[in-house]
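> A structural model of the following input is requested.
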Amino acid sequence: IRAARATGLRNLPLHNTAQNQIWLEIVQLALDLLAWMPMLALTGENRRWEPRSLRFRLLSAAAQIVTTARRRHLRFARHWPWTDV
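Residues are numbered from 1 along each chain as shown. Next up is the predicted model:
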């Protein structure tokens, strides 16, 4: 429940019941993604991060998408503390 509240279930933003039902479906999809990502992509202590920590440390990373030689690379800022994750 704590993870659901952190991903948008704190309050229903719309007035219509059908629209709020769609909002709940979107929140459920976000929860599924946040549940599967640590199991598939993270190791060690990083697997236990809460959604708020994941959003701050991984999903809002300071990076640029760089295209060179027809390849795309994700270049992280050197000062970002969680670059090695």
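
> from here on, just use CA atoms for contacts and neighbour counts.
Noted.

> okay, the residue lying closest to residue 7 once chain neighbours are set aside and residue 50: tell me how far apart.
In space, and not counting its chain neighbours, residue 7 is closest to residue 27: 6.4 Å by C-alpha to C-alpha, 6 or more residues apart in numbering. To residue 50, residue 27 is 15 Å away according to C-alpha to C-alpha, to the nearest Å.

> comparing the two, which residue is more hemmed in?
Between residue 27 and residue 50, residue 27 has the larger neighbour count (other C-alpha atoms under 10 Å), namely 18 against 14.

> which residues does the residue nearest to residue 7 contact?
Taking C-alpha atoms under 8 Å, 6 or more residues apart in numbering, we find residue 27 in contact with 4, 7-9.

> check the gap between it and residue 34 for me.
Distance, residue 27 to residue 34, using C-alpha to C-alpha: 10 Å.
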